[in-house]
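Novice: Coordinates only, no sequence provided:
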């Protein structure tokens, strides 16, 4: 199981900064910028166009939610069938297509929070 968080906050470190950053990157101006950039990138021949904006404007994840998901993954409590397929269509440094192994992958704050909610619903 692979887990790909963005910036992690909480646990006594960056608590208020994480909440401020989350409010900033989810604000209407930031979302408008992201959506317009991704719309322009959608006409690109590269499937990775706009990925930099997605990374920089990704909301941070709370350390407690991440810890619950990591712990559940470690004990096999996450059903891989409930996860979306791993993103593909990336290119190596030589410009050749590369394919990643189809491993269960929880990518980003929204997916970590979704899995955390699913885990909470089971208890």
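Specialist: That came in fine, so what should we check first? Every value quoted in this text rests on a predicted model; they were computed, and no experiment measured them. Numbers count the residues shown, from 1 in each chain.

Novice: from here on, contacts and neighbour counts on C-alpha atoms
Specialist: Noted.

Novice: which non-adjacent residue is nearest the spatially most central residue of the chain?
Specialist: With the centre of the chain defined as its mean C-alpha position, the nearest residue by Cα atoms, centre = their mean is residue 108, 1.1 Å away. Closest residue in space to residue 108, ignoring its immediate chain neighbours: residue 5 at 4.8 Å, by Cα to Cα, 6 or more residues apart in numbering.

Novice: Return the residues in contact with the one you found.
Specialist: Neighbouring residues of residue 5 by Cα atoms under 8 Å, 6 or more residues apart in numbering: 60, 61, 66, 107, 108, 109, 112.

Novice: show me where this structure has helices.
Specialist: 15-25, 28-41, 51-56, 63-74, 109-122 (DSSP state H).

Novice: Least reliable of those helices by average pLDDT, please.
Specialist: Ranked by mean pLDDT, those end with helix 51-56 at the bottom, a mean of 70.

Novice: Who are the contact partners of residue 113?
Specialist: 61, 65, 66.

Novice: typo on my end, residue 31
Specialist: Counting by Cα under 8 Å, 6+ apart, residue 31 makes contact with residue 25.

Novice: so what's residue 66 closest to, chain neighbours aside?
Specialist: residue 112 (6.6 Å).

Novice: picking up where we left off before, pretty sure the residue nearest to the centre of the chain is in contact with residue 6, am I right?
Specialist: Yes: when contacts are counted by Cα atoms under 8 Å, residue 108 is listed as touching residue 6 (6.0 Å).

Novice: shared neighbours of the two, which are they?
Specialist: With Cα under 8 Å, 6+ apart, residue 108 and residue 6 have common neighbours residue 58.

Novice: Run through the residues that contact the closest residue in space to residue 88 that isn't next to it in sequence.
Specialist: Leaving aside its sequence neighbours, residue 88 sits nearest to residue 99 (Cα to Cα, 6+ apart; 6.0 Å). By Cα under 8 Å, 6+ apart, the contact list for residue 99 reads 88, 89, 90.

Novice: Nothing else from me, thank you.
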